[in-house]
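Engineer: missing the sequence, but the structure's below:
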Ligand code: GLY
């Protein structure tokens, strides 16, 4: 089959692949994306929380720096994309309330609050009564909560549509087909062969295939990113006008050790997520998953059972060993990685696009992205 050539070929048309392609094209690179369905995949499932503060975990302070850098860029990023494409992204600066339902949840939330304070983050402890004053639909049993005014939301479905439009405006070429294998010449990546046999040649290949990034044929074993699928089941409900405003901000909790969150959109959609399951590439929606989400969401906001359930879906997060992304040159010349964003792909879109454009232009990652080099997972030879 004939060969098509580009400067930068991005494997994967999810949010991370699209933002990388858009920013690369803006820098003047002839850019292409190979994906059978650009904008499909996990972006169609994700709730779109921009939750740098409420999703902070012990041991993830380095990732916090990148998450915050991306959160700071969101207003300009969203405005640029909306202005350029004319799309409404559903970007809502609504804040988040993380609440506790019992004594264990409250102890967990108190710990999170202490960690947030040590990290200099803005969050305020509220009593149960104060939580309910903010969100009257909360259950009377809510014991307290954290008000985080800096954690917002965007609609990932609209975001991907806008990114596809922005890519098209910037001249990105879309090859709507699966990438079958990476092509190499000597010790260098030189493109991919698509499932229809077309050779897509490129000076540089960026592997941004989400949870599939760890299994592209032709990538040497010691270069394959250690990325695995982490399943998340998500529900969508709609809030009839007579109940609006049902919730005014994102509400989340840890219920019996599982995260549940309710993300209310301005258009009346209410997204409830998400399970976290390690089951390989399985995207079945199960009765158990739906039951757990509804049970936990109902404990938090009992009125949810009145709402029409409009959609159930499962997607795959690209998990990495340290829950942080892999950004920049891999161990194979010509192959770069932008993957492993796990729970933070939507949040990390602005900073990832900038970092990948920077490394493609200069050969170096910008300061804030350096800790996320794939080299941190390089296997070192053990002395005999
Ligand atoms: N960031 C939300 C999730 O991964 O479920």
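Structural biologist: Happy to help now that I have it. As the structure is a computational prediction, the values presented were derived from the model and not from experiment.

Engineer: Just list the residues touching residue 278, thanks.
Structural biologist: 228, 229, 230, 231, 319 (CB atoms under 8 Å, 6 or more residues apart in numbering). All C-beta atoms are positioned from the backbone trio N, CA, C, and that covers glycine.

Engineer: Distance check, the fourth one against residue 278.
Structural biologist: Noted for residue 231: a distance of 7 Å to residue 278, by CB to CB, to the nearest Å.

Engineer: What residues are bridge-paired with the closest residue to residue 127 other than its chain neighbours?
Structural biologist: In this structure, residue 127 finds its nearest non-sequential neighbour in residue 144, 5.7 Å apart by CB to CB, 6 or more residues apart in numbering. Per DSSP bridges, the residues bridged to residue 144 are residue 100, residue 127.

Engineer: okay, residue 144: pLDDT?
Structural biologist: For residue 144, the pLDDT comes out at 95.

Engineer: ok, it to the ligand distance?
Structural biologist: For residue 144, the distance to the ligand (CB to the nearest ligand atom, to the nearest Å) stands at 22 Å.

Engineer: show me the contacts for that residue.
Structural biologist: 99, 100, 106, 109, 125, 126, 127, 128, 131 are the contacts of residue 144 under CB under 8 Å, 6+ apart.

Engineer: Show residues contacting the one helix or strand the third one maps to.
Structural biologist: Read it as residue 106. Assessed by DSSP states H and E, residue 106 sits inside helix 103-118. For helix 103-118, the external contacting residues (CB under 8 Å, 6+ apart) are 53-54, 56, 58, 98-100, 123, 125, 143-146, 148, 253-255.

Engineer: Could I have the buried ones of these as ChimeraX selection syntax?
Structural biologist: Restricted to buried positions by 16 or more other CB atoms under 10 Å, the ChimeraX selection for the contacts of helix 103-118 reads:
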select :53,54,56,98,99,100,123,143,144,145,146,148,253,254,255
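
Engineer: Now, the contacts of helix 103-118 that are in strands?
Structural biologist: With DSSP state E as the criterion, strands contain 98, 99, 100, 125, 144, 145, 146, 148, 253, 254, 255 from among those.

Engineer: any idea whether residue 224 is helix, strand or coil?
Structural biologist: Using DSSP: H, G, I helix; E, B strand; the rest coil, the structure places residue 224 in coil.

Engineer: Would you check that it makes contact with residue 217?
Structural biologist: No: the pair residue 224 / residue 217 is not scored as a contact, 10.0 Å apart, by CB atoms under 8 Å.

Engineer: With neighbour numbers in mind, choose between those two.
Structural biologist: residue 224 (19 against 10; other CB atoms under 10 Å).

Engineer: what's near enough to touch the more buried one?
Structural biologist: 214, 215, 216 are the contacts of residue 224 under CB under 8 Å, 6+ apart.

Engineer: hmm, try it at 10 Å
Structural biologist: 182, 207, 213, 214, 215, 216, 218, 330, 331, 332, 337 (CB atoms under 10 Å, 6 or more residues apart in numbering).

Engineer: Kind regards, and thank you for your time.
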